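[1] Would you be able to build a 3D model of this:
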Amino acid sequence: MPAPGGSSRRNPDYRRRRWGEILRAVYLARRNVDAYAALSEATELTALDCHALAAMLVSRRKPAEALAWVERGLVLDKKNPHGSMAGHDLAHLKRDLLTKLGRGNEALDAAWAEYLAHPSTYSYEDLIKYVPKAERRAWHEKAIEAAKGTDLRSLIELLLGVLPASVHETGSRPAYGHEQEDGSWYDRGRLQRQDV
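    Residues are numbered from 1 along each chain as shown. Next up, the predicted model:
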């Protein structure tokens, strides 16, 4: 924090942080993992740094090393009481890396835990990515059952969001749908709203 009446640009902490950001951007653009890691360790390692390092290692086809940085970043992110977008991105990257490393069951377990913590259309879609195709119908039913314990608004948003997926996966049509001559279905309520 600058002294009263002083410029933040004259503050040595500001300069250090600013030059650190510039060097991080340069190292990231050059994909210089070693320099980026050394700078991050010398200054203050963040979850965002861990994500950047993991992404560079993924591009070098080093998923095991990338996973180590992802896990380190997730530990750092948990220290932040509200989490961060980097933490969210790290969680997704972790599941993808686990799958690449042949640990698909761990990826599925992590996606399921995320879904249970925050049932939504997005966490449902992420969960289904890791479910083997032959098991998707059973997991769909399991996910919908688990979401019934959430608040009504979240449940309705989830059901409306996954409805097309459930129709596609199960081949069944919703109870409120009406057949058309070509075999497709439509929502009478949606059509009535358009006529108004």
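[2] Now do the helices in this protein.
    12-29, 33-42, 47-59, 63-78, 85-100, 104-117, 121-129, 136-147, 152-170, 188-195 (DSSP state H).
[3] Off-centre distance for the first one?
    It stands for helix 12-29. 27 Å (CA atoms, centre = their mean, to the nearest Å).
[4] hang on, the earlier thing: can you redo the helices of the chain as TSV with mean pLDDT and mean neighbour count?
    For glycine as for every other residue, the C-beta is placed from the backbone atoms N, C-alpha and C. As requested, those are exported to TSV (pLDDT from 0 to 100; neighbours: other CB atoms under 10 Å):
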stretch	mean pLDDT	mean neighbour count
helix 12-29	89	13
helix 33-42	93	16
helix 47-59	96	22
helix 63-78	96	20
helix 85-100	94	19
helix 104-117	93	17
helix 121-129	90	18
helix 136-147	89	16
helix 152-170	68	14
helix 188-195	44	8
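[5] Show residues contacting stretch 42-53.
    16-17, 20, 24, 28, 33, 36-37, 40, 66, 69-70, 72-74, 76-77, 80, 84, 86-87, 89-90, 93 (CB atoms under 8 Å, 6 or more residues apart in numbering).
[6] separation between the residue lying closest to residue 110 once chain neighbours are set aside and residue 20?
    Distances taken as CB to CB, 6 or more residues apart in numbering place residue 95 nearest to residue 110, at 5.3 Å, with adjacent residues excluded. Distance, residue 95 to residue 20, by CB to CB, to the nearest Å: 30 Å.
[7] and if you look at residue 112?
    Counting by CB to CB, the gap from residue 112 to residue 20 is 38 Å.
[8] mind checking how far residue 108 is from residue 136?
    12 Å.
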